[in-house]
Structure formats: structure tokens, C-alpha cells
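J.: Turn this into a structure:
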Amino acid sequence: MQRNTYVLMFSTIILFLPFLPVQTQLSFSQNEDLQLQQTQDSNLEEGDGKSFTVSDSETILLADTSLPSGSYLHLYDSAPFKLMNSHISAKIPCNDEYATDIVFMFGPDVNIPISELDLIPELSVAGELCLYERTLATNGTNNITDIAIFNNSPDDIDFPDTSSIVIKVNELSSPSPLT
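T.: Predicted coordinates:
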């Protein structure tokens with residue numbers, strides 16, 4: 001008798017499921033590219049120089065990954081939109097002096113300096129993993145669309161458990177007009 005009750009409930013749900021109202025929410029996944037066409041609804045036009053607030057957060061787990069000497073790992077790309085305001089936190093290998101051979105690069109403009117992040121000593125263990133952070137804020141004159149890390153060591157860097165990088169993008173600007 002009890003089995004028949006479950007079968008009847010399941011059959012009723014399956015029968016009426018196509019008739020239930022469904023709400024759809026338009027949102028962007030963390031791993032989807034933000035396309036120009038998707039933002040034009042907010043009255044942005046290509047090359048208008050306007051900035052807009054976004055909430056895009058990427059968490060990159062690096063455990064069991066190796067970064068070869070002299071190589072880089074591309075982490076984030078906002079093209080064709082320029083990064084105006086973002087924040088980076090990185091829990092990465094460091095030496096006994098709390099220094100790391102991992103260098104953060106912002107580009108693609110060649111005149112944008114390779115930047116170091118600030119150490120958070122309270123959340124770091126010398127010779128193991130250190131937490132670094134930095135806020136990247138520009139005035140829109142730089143063409144920053146990409147974030148990468150570079151291994152500046154003569155040795156490969158092996159990332160231990162809990163190694164990670166978090167990139168939070170807060171503001172973007174529309175791309176420059178095509179010429």
C-alpha cells in the first residue's frame with residue numbers, strides 16, 4: 001500500500017511538471033565570457049568610455065599544478081572590456097623570507113609594469129604558503145584586459161594543497177572604438 005502511494009505521488013509530479021510555471025533569471029556564470037552584445041541593454045555603446053559595475057569572481061585552485069620555469073599561466077581575460085577596478089588574493093608558495101618567485105602580470109600593454117602583491121603576514125607561513133593581495137585600480141587610460149602569473153625562478157614551481165588565486169572584478173569600461 002505504501003509503495004503505491006509513492007508511485008502515485010511520483011506519477012502526479014511527472015504528469016503536472018510541464019504545466020508548472022518556471023521563472024527564468026538572466027545571469028552570467030563565472031566561466032562565461034561577457035560579450036559586448038550582452039551589455040548593450042544597459043545603454044553602453046562601443047567606445048563610449050563609460051564604466052560599469054560588475055560582480056565577477058574567479059577562484060583558481062592550483063593544488064597539484066606545476067608552473068615550469070620561465071613560463072606563465074593566464075588567469076583572467078576581460079577583452080574587449082578594460083579592467084578598471086579589481087582585487088587579487090593569492091595563497092602561493094613562498095620562501096623563508098616570505099618572498100615568492102611568482103610574478104603577477106597585467107596587460108596586454110607592454111608599458112604596464114609587472115606588479116608585486118602585498119604580503120598578509122598574519123595569514124602566511126614562511127617557507128610554505130603565503131597570502132598576498134592587491135587592488136588594481138586604473139583611470140581607464142591603460143588597456144588592461146588580462147591577468148597572468150609568471151614563474152621567475154630557475155626551477156619549476158609545484159603548488160601544494162590549498163594553493164589558490166582569487167580574482168574579483170568590480171568595474172569594467174567599454175572598449176575603445178575600432179579604427
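
J.: Thr59: neighbour count?
T.: When counting by other CB atoms under 10 Å, one arrives at 11 neighbours for Thr59. (Glycine included, C-beta is placed from N, CA and C.)

J.: Ramachandran angles for it?
T.: Torsion angles at Thr59 (phi, psi; degrees, to the nearest 10) stand at phi -110, psi 120.

J.: partners of it in the sheet?
T.: In this entry, Thr59 is beta-bridged to Val166, by DSSP bridges.

J.: which ones are touching it?
T.: 164-166 (CB atoms under 8 Å, 6 or more residues apart in numbering).

J.: how about the helices in this protein?
T.: 2-16, 36-39 (DSSP state H).

J.: weakest of the ones you listed by average pLDDT?
T.: Least confident of the helices of the chain, judged by mean pLDDT, is helix 36-39 with a mean of 37.

J.: re the thing from before, between the contacts of Thr59, which is nearest Ser57?
T.: Nearest to Ser57 out of the contacts of Thr59 is Val166 (CB to CB; 6.8 Å).

J.: Look at that closest one and report its pLDDT.
T.: pLDDT, Val166: 97.

J.: go on, Asp56?
T.: 86.

J.: nearest residue to it other than its sequence neighbours?
T.: Leaving aside its chain neighbours, Asp56 sits nearest to Val169 (4.3 Å; criterion: CB to CB, 6 or more residues apart in numbering).
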